[in-house]
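>>> fold the following for me, if possible:
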Amino acid sequence: MRLILLVAALFGAFVLVGMLVAPHQPELRAWYLQTACPYLDQLSTDICAAVRREAGKAAIRSAAPGRIG
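Okay, the predicted model is just below:
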């Protein structure tokens, strides 16, 4: 029973990191998009939605010319 609870807690932590921390950390965001999101999308597409949204914003920011003033 304890092992099942431990596995459930670890999986929950993995999902929470993907939803709350990964969108704001570029290296972690890239890893989640490439590795974890294909599997997490089978559960729910909402899990990786924030990661994809931030990845899109980062791509727009890097493509936009810099403004002065």
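>>> excluding chain neighbours, what is closest to residue 20?
The spatial neighbour of residue 20 that comes closest, neighbours along the chain excluded (CB to CB, 6 or more residues apart in numbering), is residue 50 at 7.9 Å. For the C-beta atoms, the positions are set from N, CA and C on the backbone; glycine is no exception.
>>> what residues does the host helix or strand of the one you found touch?
Following DSSP states H and E, one finds residue 50 within helix 49-63. By CB atoms under 8 Å, 6 or more residues apart in numbering, the surrounding residues in contact with helix 49-63 are 18, 19, 20, 22, 23, 24, 26, 29, 30, 32, 33, 37.
>>> do you know how far the fourth one is from residue 9?
Taking CB to CB, to the nearest Å as the measure, residue 22 falls 18 Å from residue 9.
>>> who has more neighbours out of the two?
In this view residue 22 and residue 9 are compared by other CB atoms under 10 Å, and residue 22 has more residues nearby, 24 against 10.
>>> pull out the buried positions in the helix or strand bottoming out on mean pLDDT in the chain.
Among the helices and strands of the chain, helix 49-63 carries the lowest confidence by mean pLDDT, DSSP states H and E, at a mean of 85. When burial is assessed from 16 or more other CB atoms under 10 Å, helix 49-63 yields the following buried residues: 50, 51, 52, 54, 55.
>>> I'd like those as TSV, with distance to residue 3 appended.
Putting the buried residues of helix 49-63 into TSV (distance: CB to CB, whole Å) gives the following:
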residue	distance to residue 3
50	30
51	29
52	33
54	34
55	35
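>>> residue ranges for the strands of the chain, please.
Per DSSP state E, the chain has no strands. Nothing in it meets that criterion.
>>> quick one: low-confidence ranges for it?
With pLDDT under 70 as the threshold, the chain has low-confidence stretches at 64-69.
>>> 50 instead, please
Along the chain, segments meeting pLDDT under 50 span 69.
>>> can you give me the helices in it?
Applying DSSP state H to the chain gives helices spanning 2-16, 26-31, 37-43, 49-63.
>>> next, the buried residues of the second one.
Of the residues in helix 26-31, those buried under the neighbour-count criterion (16+ other CB under 10 Å) are 28, 29.
>>> who's in contact with residue 33?
The neighbourhood of residue 33, defined by CB under 8 Å, 6+ apart, consists of 48, 51, 52, 55.
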